[in-house]
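J.: Predicted model and sequence follow; I will ask about them next.
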Amino acid sequence: MVDPMLRSKRPFFAVLSVLIAVAGCNCNGTDPDGPDDPALRGLKRLSVTPAEVTLTTVDGAAATQTYSVTGHYDDDSTRDLTDKVSFSLDDPSLGAFSGATFTSSTERGGKTMVRASFDTYSAEAPLTLVLKRTFPVQPPPGGGTPLPPDPGSHFGGDPETDPARLPLLVYPNDGVVVPPNLRELEIHFVRQHRTDDLFEISFTNAITDVRVFLRCGLPDGVRLITSVPSDEACIFTPSAELWRWLSETNRGATPLTVQVRGTSESGGPVGTSEPIRLQIARTELRGALYYWTTSGDSGIMRYDFAGPADAEATRVLGPSDGNGSCLGCHALSRDGKKLFANGNGQNGGHTIIRDLANETEPVGFYDNTERVQFAAWSPDSTRFVGVYADSGATRFGLMMLDGTTGQRLHDVPGTGNNDHPASHPDWSADGSTLVWTRMGVKGTNQRFYNGSIRALEITGEDTYGESFTVVPQESGKNRYYPAISPDGAFLVYNESTCPGGSNGTHCNADSDPSATLWSARLVADAPRVKLERANAPGPTDGGNTQLTNSYPKWSPFDVRGNDGPESRLNWLTFSSNRNFGLRRPPSASNDEAPNGGTLLWMAAVDPDVAAADQDGSYPAFVLPFQDLATSNHIAQWAQFAVVDGCATEGDGCGSGGSACCNGLTCLPKSSDPPLPCEIEGNCTCEIVETCGLTGESCDASSPCCGALSCENPGGGACAGDDCLCQPACGALGQACGTGSPCCGGLLCLGEGATACEGENCSCMPGID
């Protein structure tokens, strides 16, 4: 789904057709008969003191600032108008005013605008609030030496300059971007100076100064990499409180600089690691992730990113749901209501369909349907496209199947034959395009060689265009697992290189060590781009690039990025057997994983960069909710976790309807006037997008941040694409009047730039 804030914007103000400038005429909006309040007579503008301020809240103590407002008059005189004005903030989460005194929040920092309003006049002043916190991490009782009373005072020694003695940050990778609701991000570092027993991890930028003091230690049960001794390995997991400080202050902000300092409590030099950059995305990650795990006799797990902060992954299907068969390969309908799973794996292909909206119903196990190994659902969840080229196969192309019964409806023409079967189908979110892997050398759907990526357009109900090659076949390569981006402009896929150029186990599309992530626009013979940053190893991988970066899949949402209202961000998941910092990957579940087991990783991707044939990826990070002791992969996405019959986007809610699924809000269908949801049929479940900043589009499902209001560019009620987030004062060309002031520097003027009367006043620059 495309974020509504990414729609084309209207200009922030209407173009003024005429600005009248008459020599000797004072056009500052004063009334010649004189206003009721003498302070308004001859008033030209307001100014706020201080004009710009930076405050710091320290360790839970609020910061305060008293403001004053000066009125500037026609005769060049000034007057203190502080007692006449009302103060407000564009972002009230940063604090509040009592009279002219601002008192900050103690839980987050950020930037906002202070506004002072008097009648039709307003002035503003930028405010920066820095969050400064120290966070001492005491070891558990009996688990180590407590921190000294003032740990920060021990870091005043001379700088250590020997690189071999400096702390080494090894996770996450430099430049990583993570969602604000990731909830957990471990920091891994290596103590390289044996006498260092006290450490500081700092998170800093223009609005953040958070410092954690700790001893070096490891969580219970860590499977440590062999290259680092256990007494030199240090892993820190931020608490929920600490992560809230960092994420809420910095979502959409400039990157944090993360560094580790180490010293001896008894005194000595201070070693400082090389810094890494950590950026918090502006928009929360939504959607439900379904993945296969080897834990608990194997099965399919679900994690809801829109769920509560303490949510855990839960099992959806296990062997008991498939008559004892292995359930691994699966696909989710876009709305999350239906799940396809393959029973009995290779050469099995039993079709299993589960109605997730009614999980009390038994799983549908269809022995008499067409066998299916891999599948992809239509956007409306009524059909899925499947493939089966294993033992006993008679149909080698894409098959269109009924989403309720699993019965074959028809074959998709020209998509495969006995020599070159189809595998790995995917279906675009707009329903217009199918992509798949064409086997170059036939095997099973799970294991084959020399693949290429093909696509075709869906031209009508059960009609299709001619197929075309997106990524060609190449000797010594295997190309497979295509996944179409949320906006349908490009795809990602896997490429493996065959050792010695010959087909074999290590390039058969199944746990290939050389598997890497690539992107290509969804056009014939597209330029191919390696996602170097997402593929990149971490410091503990020792330069190894054989990381099995496999099975890429997209989160279904296209959301706003951090670089302005037009920027976008997508999230890509994949499996990899790279080191998780100081943690080694789990053991392999079978002999087809020569590099060991895999964990689920995620990377941010800029879709506009990718669509320009460049590497749009960022460094990857581990998803924290998975069982780190077992192999996890085949991650598939749905927009919503449909549990207990909850309603998805567009479904009725309120009286007579189901409760909305996590990530959705029950909203009236009409905003003019809004209709009560207590009346059946008035409301539907809708996504409420990340709030809009000044000048960004807005509507009922995409509200404005803080004290900003959703209005027409000229002020007043709005509908459709004309709505913009605006502060509590008028922009250029916006309607104004008593109680509706103009933003600083603009005057509320009537026709001909004269004194404001009646309902035809607008904010304009004064002309002296």
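T.: On my side now, so go ahead.
J.: Now G328. Nearest residue, chain neighbours left out?
T.: If the residues on either side of it in the chain are set aside, G328 comes closest to W292, at 4.8 Å by Cβ to Cβ, 6 or more residues apart in numbering. Every residue, glycine included, has its C-beta placed from N, CA and C.
J.: In a helix, the one you found, correct?
T.: No: the assignment for W292 (DSSP: H, G, I helix; E, B strand; the rest coil) gives strand, which keeps it out of a helix.
J.: these two touch, right, it and R315?
T.: No: contact criterion Cβ atoms under 8 Å: W292 and R315 do not qualify, at 11.0 Å.
J.: Quick check: neighbours shared by the two?
T.: Counting by Cβ atoms under 8 Å, 6 or more residues apart in numbering, the residues touching both W292 and R315 are G299, I300, M301.
J.: now the last one, nearest residue through space, not along the chain?
T.: Using Cβ to Cβ, 6+ apart and skipping residues adjacent in sequence, the residue nearest M301 is A313, 4.6 Å away.
J.: cool, the first one as well?
T.: Setting aside the residues directly before and after it, G299 is nearest to G318 in space (Cβ to Cβ, 6+ apart), at 3.7 Å.
J.: Just give me the neighbour total for the one you found.
T.: When neighbours are counted by other Cβ atoms under 10 Å, G318 registers 17.
J.: taking the mean pLDDT, what do you get for stretch 275-290?
T.: For stretch 275-290, mean pLDDT is 96.
J.: now stretch 120-132
T.: 95.
J.: Which elements pack onto the lengthiest strand in the chain?
T.: Looking across the chain with DSSP state E, the single longest strand is strand 121-136. Packed against strand 121-136 by the contact rule (3 or more Cβ pairs under 8 Å, 6 or more residues apart in numbering; DSSP states H and E) you find strand 43-49, strand 53-58, strand 110-118, strand 208-214, helix 240-250.
J.: Now do the second one, average pLDDT.
T.: So that's strand 53-58. Averaged across strand 53-58, pLDDT comes to 98.
J.: got a list of contacts for that strand?
T.: For strand 53-58, using Cβ under 8 Å, 6+ apart, the contacting residues are 63-65, 104-106, 109, 125-133, 209.
J.: Could I get the pLDDT score of A700?
T.: pLDDT, A700: 74.
J.: Then the one 3 residues further on?
T.: You'll see P703 listed with a pLDDT of 84.
J.: Now do the contacts for the closest residue in space to it that isn't next to it in sequence.
T.: Leaving aside its chain neighbours, P703 sits nearest to C691 (5.4 Å; criterion: Cβ to Cβ, 6+ apart). Contact analysis of C691 by Cβ under 8 Å, 6+ apart lists S702, P703, C704, C705, G706, C725.
J.: Tell me which two of those residues sit farthest apart.
T.: Spatially, the most separated pair among the contacts of C691 is S702 and G706, at 14.5 Å (Cβ to Cβ).
J.: Same drill for these two, tell me which one is more crowded.
T.: Neighbours around S702 and G706, counted as other Cβ under 10 Å, are more numerous at S702. The numbers are 23 against 20.
J.: how close does the more buried one sit to C329?
T.: 37 Å (Cβ to Cβ, to the nearest Å).
J.: can you tell me the average pLDDT over stretch 525-533?
T.: Mean pLDDT, stretch 525-533: 97.
J.: If we go by neighbour counts, what in it is buried?
T.: For stretch 525-533, a neighbour-count test (16 or more other Cβ atoms under 10 Å) marks A526, R528, V529, L531, R533 as buried.
J.: again with stretch 115-133
T.: Residues 115-125, 127-133 are the ones in stretch 115-133 that count as buried (16+ other Cβ under 10 Å).
J.: and S325, what pLDDT?
T.: Here the pLDDT value assigned to S325 is 65.
J.: Tell me how many other residues crowd G343.
T.: Using other Cβ under 10 Å: G343 sits among 26 other residues.
J.: Please identify which of the shared contacts of W292 and R315 is nearest to L572.
T.: Minimum distance to L572 across the shared contacts of W292 and R315 is 19.0 Å, recorded for M301 (Cβ to Cβ).
J.: Help me confirm that that closest one comes into contact with L317.
T.: No: counting by Cβ under 8 Å, M301 sits too far from L317 to count as a contact (9.0 Å).
J.: gap between the two ends of stretch 396-404?
T.: End-to-end distance of stretch 396-404: 22 Å, with Cα to Cα, to the nearest Å as the criterion.
J.: coming back round to it: can the shared contacts of W292 and R315 go into JSON lines with extra columns for secondary structure, neighbour count and distance to G752?
T.: Output for the shared contacts of W292 and R315, formatted as JSON lines (DSSP: H, G, I helix; E, B strand; the rest coil; neighbours: other Cβ atoms under 10 Å; distance: Cβ to Cβ, whole Å):
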{"residue": "G299", "secondary structure": "strand", "neighbour count": "22", "distance to G752": "75"}
{"residue": "I300", "secondary structure": "strand", "neighbour count": "23", "distance to G752": "71"}
{"residue": "M301", "secondary structure": "strand", "neighbour count": "24", "distance to G752": "69"}
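J.: partner residues bridging F213?
T.: With DSSP bridges as the criterion, F213 is bridged to P136, E200.
J.: Ignoring the adjacent residues along the chain, who's closest to N579?
T.: In space, and not counting its chain neighbours, N579 is closest to T540: 4.6 Å by Cβ to Cβ, 6+ apart.
J.: backbone phi and psi for V177, please?
T.: When quoted as degrees, to the nearest 10, the phi and psi of V177 stand at phi -120, psi 130.
J.: That one reaches D606, doesn't it?
T.: No: in this structure V177 lies outside contact range of D606 using Cβ under 8 Å: 9.4 Å.
J.: Compare the two (neighbour count), which wins?
T.: Counted by other Cβ under 10 Å, V177 and D606 do not tie: V177 has more neighbours, with 24 against 21.
J.: quick one: the more buried one from V642, how far?
T.: For V177 relative to V642 (Cβ to Cβ), the value is 28 Å.
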